[in-house]
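K.L.:
Let's see this in three dimensions:
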Amino acid sequence: MRRIAFILTALMALSATAQTHYEGTIAVGGKAGVSLSRVNFNPTVEQVMLPGMTAGVMFRYIEEKHFGLIGELNVTQRGWKEKFDKSDYQYRHSFTYLELPIMTHIFFGNKRVKGFFNLGPEINVMLGDGIKSNFPYQDAGADEYFINDTRHIEQMAMKINNRLDYGICGGAGMEINLNSKHSLLLEGRFYYGLTDVFPNHKTDIFSSSNSMTVTVTLGYFYRLK
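P.N.:
Here you go, the predicted structure:
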């Protein structure tokens with residue numbers, strides 16, 4: 001079902017290119033912002049959103065009838081941060097991804113201010129990952145705190161299984177045209193991964209471990225055509 005959802009969303013994004021009856025505009029730009037992420041474990045792992053950064057470059061083709069296509073190449077930090085009853089315990093596992101979203105772009109408004117929606121598939125490659133902890137997480141089972149707790153601890157020392165991720169992203173925002181060539185945009189976006197980071201076979205501990213990420217970015221477009 002996850003693969004079917006990904007394929008259907010990809011077809012929706014690519015459908016914007018099917019209408020070629022109108023003269024289009026082309027713009028390139030860049031963006032940067034913050035990310036908040038977690039990993040959707042099943043069984044559940046207690047966690048809070050992990051803050052990070054995101055930045056990248058953008059390419060946009062727009063048709064006259066309020067539709068277009070956006071492609072991006074971003075570097076984004078994801079992962080999860082464990083939630084503990086004791087405030088002196090800290091653990092976070094961060095992932096750095098190279099992202100390639102291709103989205104349908106739907107916009108409305110006037111020449112000065114526009115609102116927009118973006119939706120489409122996204123493919124990601126994990127460039128690296130890192131763990132920050134103030135306790136020996138590799139041997140957490142020997143810690144008295146974890147012995148007396150029913151929480152899962154296996155994920156703390158578990159090795160990454162999938163470094164290639166794909167999913168669905170969607171966002172909404174506002175664009176302000178400074179003049180005929182330059183514009184600024186603010187966007188909030190949600191990404192739902194369809195690939196599990198850790199093994200998900202019947203004999204494995206977690207049946208799912210997919211990423212969920214919210215990003216808020218400020219971007220700039222320069223119109224080429």
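
K.L.:
Would you map the helices across this protein?
P.N.:
Along the chain, the segments classed as helices by DSSP state H run 2-14, 144-147.

K.L.:
OK, contacts around the nearest residue to Y166 once chain neighbours are set aside?
P.N.:
Once flanking residues are discounted, Y166 sits nearest to I123: 5.0 Å by Cβ to Cβ, 6 or more residues apart in numbering. For every residue, glycine as well, the C-beta is placed using N, CA and C. Contacts for I123 (Cβ atoms under 8 Å, 6 or more residues apart in numbering) come out as E99, L100, L164, D165, Y166.

K.L.:
May I see those organised as CSV, with pLDDT and distance to L218 added?
P.N.:
Below are the contacts of I123 laid out as CSV (pLDDT from 0 to 100; distance: Cβ to Cβ, whole Å):
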residue, pLDDT, distance to L218
E99, 98, 17
L100, 97, 21
L164, 96, 29
D165, 96, 25
Y166, 95, 26
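
K.L.:
How many neighbouring residues does the spatially closest residue to G33 that is not a sequence neighbour have?
P.N.:
Spatially, and ignoring its direct neighbours in sequence, G33 is nearest to T217 (3.2 Å; Cβ to Cβ, 6+ apart). When neighbours are defined as other Cβ atoms under 10 Å, T217 has 24 of them.

K.L.:
correct me, but T217 touches R189?
P.N.:
Yes - at 7.4 Å, T217 counts as touching R189 under the criterion of Cβ atoms under 8 Å.

K.L.:
Relative to N200, how far out is Q77?
P.N.:
Q77 sits 23 Å away from N200, going by Cβ to Cβ, to the nearest Å.

K.L.:
wait, I meant K65
P.N.:
43 Å.

K.L.:
between these two, who's got more neighbours?
P.N.:
Shown here are K65 and N200; by other Cβ under 10 Å, N200 has more neighbours (17 against 9).

K.L.:
got the phi/psi numbers for that one?
P.N.:
Phi and psi for N200, reported as degrees, to the nearest 10, are phi -130, psi 30.

K.L.:
Could I get the contacting residues of the nearest residue to it once chain neighbours are set aside?
P.N.:
Using Cβ to Cβ, 6+ apart and skipping the chain neighbours, the partner closest in space to N200 is S207 (5.6 Å). For S207, the contact set (Cβ under 8 Å, 6+ apart) comprises N42, P43, N200.
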